[in-house]
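[1] sequence first, then the predicted structure, then my questions.
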Amino acid sequence: MNHGRRDTPHTPDDQGTAADSHTALRLEAVRKVYRLGDDDVVALHHADLRVGADEIVALVGPSGSGKTTLCSIAGAILSPTAGRVVVGEQDITEFGESELSRVRRESVGFVFQAVNLVPFLTARENLLVIDELGSRNRSAARARADQLLDELGLADRASNLPSQLSGGQRQRVAIGRALMNEPSLVLFDEPTSALDTQLGEKVMELIRHEMKARGTAAVIVTHDERMTHYADRVVHITDGVLAA
Amino acid sequence: MRLALQEMRRRPGRFVTATAILTLIALLLLFLGGLLDGLIGSATSAISGQTGDVITFSSTSQSSLPSSRVGGAVRSEIAGVPGVERVGGLGVTQVGARVPGRSERDLVDVALFGYELPPAGLGVPPDRAKAYADTSLRAKGVAAGGTILLGPARTPITIAGFVDGLRYGGQGTLWASPETWRVVQAANRPDAASAVDVFQAFVVRGDGSVRAAELARRIDDATRGSTSSRTTAAAADAQPGVEQQRSTFNQIIGATVGVAIVVVALFFALLIVERTALYGVLKAIGARSRTLFGGVVTQAIVVSLLASAIGALLALVAALTVPAGSIPFSLSPARVLGTVALLVLAAILGCSFSLRRVLRIDPASAIGTAS
């Protein structure tokens, strides 16, 4: 199993919990092969990764290294060709499409590279989308959305459309949306790629603060080595091979 | 579904084009349907307005009143059929009428009916030389209490009152006693004159113990095939030219619905192409394909309902502004509801072509994409 290397942790208390028995994500010998015409393209080679319950892992690698594939498998979007995937306490390796959808609705949060908020919904409604797609406990969802917006410093922006928010505010709304379903794992796809260094630092600080405050695990896909010191651990991926 | 409705509320501009096109299609469908109903009504409402369950013609008449003759012996046979309650004679003569206020040569085509069982809206037949007139004749100058002259013999008929919605062969009708009908027929169409107990058809009212179609079959059995009996609705449909008109209009209406399906299919296919990235994100955060497609169907239904409502309103305004008697146009609630149902069905069918496109959107497309 490849636990990866712990890079510059923030504080000793924040240090990762990869060795803990309670894990948010466990990949065991995961392999993913794509069929491209007559050729097989191996996107992931027997990847082993364990992310502790409140651990923040940075996944770093160049374009085409397999980051997206790993992130998709960890986020229950893709199924592996071989190996085992456990999210929280669910072994999702053999799950079908509808079960994977349920896992994404209930157990995983996503923050996408382009933020990708629903453009015609307000900040608050963008958070409530998660409830709309899932269990539909409207009053509880409203309370949680309001609480998250308040905690993210967006209470006064709840009624604004994404087009009326700054880049940082949109990123915070996206983080709020990812946290709406109280996930055990949040996947961040290049969260700072569209931001300047200063704003990128702020967003990473916010991510770290929100994840640690909630005891939620996070995998942050990035190619920006400057941001990796916000993670408890950095895992490098090259040509589909994980290396600590 | 809420998401789909919120999009329509927040971004109505995206749906204006489709709504406008579907409104025009709804208007066209309602106009075609209204014309069909108006044409059929003006040709057959005197038949469909009969209050009997069955109309019996002679077997060789092909359900055409002018070609049919049924006599007293047949009436007795019909009256003896189990399930028959009443039998009433019906006859018609089509003549030109001279109407006060119009020039001598400006004749108004009318169909004078002699009846025994009153059709819808009428009571017992009026006195001799009197008739009730269909309201469409008002536009031709016919007035209550006035006397018009029928046919080349200029037989005087005094208008006793008006009745609504009874037209025959595209003409306004007059409703008189059998005696008055025979007088007018003998004076103006001596070649078609009938004996006292002979009518062109019998209107048969059942006692409710059997269905109309069964009653018609029993009557034809009892007359040993000398009659051709039909339910009242079927008799109206069997009038010459009705089937051809209905078929032609229904084909045009079908083609128009086909256009509506194509419009909806193209519109929502384009909309879904635009939304591919958004649907990818929604799928990545757990939306099911059926939820997303349900939203598309919801939007298609709302667009078609909105278009139908505007189209119906415009058609209603058109119906009210068309001068009476200028074109046979009749807009009934059943036609409006039927058109709405057709458009909604077209919308659902149209957007169902996009189902595969929605299913194929890969949630993985949301990951690793910068925009």
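    Okay, I see it.
[2] in chain A, which residue is closest to the centre?
    A centroid search over chain A (CA atoms, centre = their mean) returns A:L187, at 0.7 Å, as the residue closest to the centre.
[3] surely B:I252 touches B:F31?
    No - counting by CB atoms under 8 Å, B:I252 stays clear of B:F31, with 10.6 Å between them. Just so you know, the C-beta spots here come from the backbone N, C-alpha and C atoms, and that holds for glycine as well.
[4] which of these two has more residues huddled nearby?
    B:F31 (19 against 14; other CB atoms under 10 Å in any protein chain shown).
[5] surely that one and B:L316 touch.
    No - assessed by CB under 8 Å, B:F31 is found out of contact with B:L316, at 11.3 Å.
[6] skip the chain neighbours and tell me the closest residue to the residue nearest to the centre of chain A.
    A:G75 (4.8 Å; CB to CB, 6 or more residues apart in numbering or on different chains).
[7] might you report the residue contacts of that neighbour?
    Applying CB atoms under 8 Å, 6 or more residues apart in numbering or on different chains, we find A:G75 in contact with A:R104, A:V108, A:F110, A:L185, A:L187, B:A284, B:I367.
[8] and what of B:A160?
    Contacts of B:A160 by CB under 8 Å, 6+ apart are B:P126, B:D127, B:K130, B:A131, B:Y132, B:A144.
[9] cutoff 7 Å now
    B:P126, B:K130, B:A131, B:Y132 (CB atoms under 7 Å, 6 or more residues apart in numbering or on different chains).
[10] phi and psi next, for it.
    For B:A160, the backbone dihedrals (degrees, to the nearest 10) come out as phi -90, psi -20.
[11] and it, how far is that from A:V235?
    100 Å (CB to CB, to the nearest Å).
[12] do A:A178 as well
    With CB to CB as the criterion, A:A178 and A:V235 are 20 Å apart.
[13] what does B:Q200 give?
    In terms of CB to CB, B:Q200 sits 96 Å off from A:V235.
[14] interface residues of chain B facing chain A?
    Within chain B, the positions near chain A by CB under 7 Å from any CB of the partner chain are B:2-3, B:6-7, B:10-11, B:278, B:281, B:284-288, B:291, B:363-364, B:366-371.
[15] give me the buried subset of those.
    B:3, B:6-7, B:10, B:278, B:281, B:284-288, B:291, B:363-364, B:366-369 (16 or more other CB atoms under 10 Å in any protein chain shown).
[16] point me to the residue of the stretch 151-300 of chain B nearest chain A.
    B:G286 (2.9 Å; CB to the nearest CB).
[17] what residues are up against that residue?
    A:S101, A:R104, A:R105, A:L133, A:G134.
[18] export stretch B:60-68 as CSV, just CAs?
    C-alpha atoms of stretch B:60-68 as CSV (Å, rounded to 0.1, in the frame of the first residue of the first chain):
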residue,chain,number,x,y,z
THR,B,60,-80.3,2.1,-51.0
SER,B,61,-79.9,5.7,-49.9
GLN,B,62,-76.4,5.6,-48.6
SER,B,63,-77.7,7.6,-45.6
SER,B,64,-78.5,10.6,-47.8
LEU,B,65,-81.9,12.2,-46.9
PRO,B,66,-82.8,13.4,-50.4
SER,B,67,-82.2,9.8,-51.8
SER,B,68,-84.1,8.0,-49.0
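[19] what's that stretch in contact with?
    B:F57, B:S58, B:V92, B:Q200, B:A201, B:S228, B:R230, B:A235, B:A238, B:Q239, B:P240.
[20] average model confidence for it?
    Taken as a whole, stretch B:60-68 carries a mean pLDDT of 91.
[21] list the buried ones in that stretch?
    B:S61, B:S63, B:L65, B:P66, B:S68.
[22] same question for stretch B:152-161.
    Quick answer for stretch B:152-161 (16+ other CB under 10 Å): B:T155, B:I157, B:I159, B:A160.
[23] now those in CSV, with pLDDT, secondary structure and distance to B:F329?
    Formatted as CSV, the buried residues of stretch B:152-161 follow (pLDDT from 0 to 100; DSSP: H, G, I helix; E, B strand; the rest coil; distance: CB to CB, whole Å):
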residue, pLDDT, secondary structure, distance to B:F329
B:T155, 96, strand, 32
B:I157, 97, strand, 29
B:I159, 97, strand, 25
B:A160, 96, strand, 28
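[24] enumerate every residue touching residue 165.
    Going with chain A. Per CB under 7 Å, 6+ apart, neighbours of A:L165: A:A123, A:R157, A:V173.
[25] my bad, chain B
    Contacts of B:G165 (CB under 7 Å, 6+ apart): B:S45, B:G49.
[26] same deal with B:S330?
    B:G34, B:D37, B:G38, B:G41.
[27] and what of B:P119?
    Contacts of B:P119 (CB under 7 Å, 6+ apart): B:G49, B:Q50, B:T51, B:L166.
[28] could you list the low-pLDDT ranges of the chain?
    By default, I'm working from chain A. Where chain A drops to pLDDT under 70, the residues are A:1-21, A:115, A:135, A:194, A:244.
[29] wrong chain, I was asking about chain B
    B:324-325, B:368-371.
[30] show me the strands in it, by range?
    For chain B, applying DSSP state E gives strands covering B:54-58, B:84-98, B:108-115, B:130-134, B:147-150, B:155-163, B:167-168, B:171-176, B:201-206, B:227-231.
[31] dump the ones you listed into TSV; add distance to B:A18 as well.
    Listed next are the strands of chain B as TSV, based on distance: least, CB to CB, whole Å:
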stretch	distance to B:A18
strand B:54-58	47
strand B:84-98	49
strand B:108-115	46
strand B:130-134	43
strand B:147-150	53
strand B:155-163	45
strand B:167-168	39
strand B:171-176	43
strand B:201-206	50
strand B:227-231	42
